[in-house]
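Q: What would the 3D arrangement of this be:
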Amino acid sequence: MVTTAIIMTDAAGNGDGLAFLRLLSWVSPAFPTGGYAYSHGLEWAVEQGSVQNVLSLTAWVGALLQYGSLRNDLILLNAAWQAGHDMARLAEIADFACACASSRERYEETVYQGEAFLKAAAVWQATPDKAECAGTRWPLPVAQGMVFRMGGVARPQALLAGGYAAVAALVSAAVRLVPLGQTDGLRALAGFEPALIVAVEKAQEQTLDDIGGACFASDLAAMHHETQETRLFRT
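A: The predicted model follows:
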């Protein structure tokens, strides 16, 4: 009888899958970043009737992933992961990411979540010293790229995890806002898998020079949400 052992090895070379276990925690919906409080402008889109069902939700989020803010976030995460322990470079990327926010709410959403992410991830000692982070606002994708790299997560898995977490957060918001049934939400998540893989592959070949977008409806939705009369979400 021949026995084959399958060993899960993380990016740091550990044979116990330590980085993978950390990654599961860092992208868990229970991780204290407050992501449940943000809809990325989706609340206004639902109120206006632009997102009404699984089909329209898939079109909306799919456009963000291919042409808009979610695509840009993957590029930022990739750049932060590549920067490694270079805090000066990471601060530059963070400043650039802040400047790319298309509205006040988008800026607050990414910065509040990013800094909450860093604070929570410090439990694993996978973050720089507070003194090194001081004086810089840390958007979520930049914070994720930094922590994933310092925590030993390989780049493809880091990008997939960051992209999945962003998509899952929007689907979760739509389940509550439309509302969608739980099964429809799962159908939407399953449907995004091929697009996520393609987006991650592209992001690994892109740089900050490739940042840009053409999802004006989503950007305007975030702006309109600032004065929306009835709001369940912060963005």
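Q: what's the closest non-adjacent residue to G185?
A: Closest residue to G185 apart from its sequence neighbours, by Cβ to Cβ, 6 or more residues apart in numbering: V175 at 4.3 Å. For glycine as for every other residue, the C-beta is placed from the backbone atoms N, C-alpha and C.
Q: Buried residues in the helix or strand harbouring that neighbour, which are they?
A: Here V175 sits within helix 155-177, counting by DSSP states H and E. Within helix 155-177, the residues scored as buried using 16 or more other Cβ atoms under 10 Å are 155, 157-175, 177.
Q: ditto for stretch 55-72
A: Using 16+ other Cβ under 10 Å as the burial criterion, the residues of stretch 55-72 that qualify are 56-58, 60-66, 68-72.
Q: again with stretch 181-191
A: Within stretch 181-191, the residues that count as buried by 16+ other Cβ under 10 Å are D184, G185, R187, A188, G191.
Q: Look up how far R176 lies from the fourth one.
A: Here the distance between A188 and R176 works out to 13 Å (Cβ to Cβ, to the nearest Å).
Q: leaving aside the residues next to it on the chain, what's closest to the residue sitting nearest the centre point of the chain?
A: By Cα atoms, centre = their mean, the chain has its centre lying nearest to A166, at 3.9 Å. Spatial nearest neighbour of A166, chain neighbours left out: L70 (5.4 Å); criterion: Cβ to Cβ, 6+ apart.
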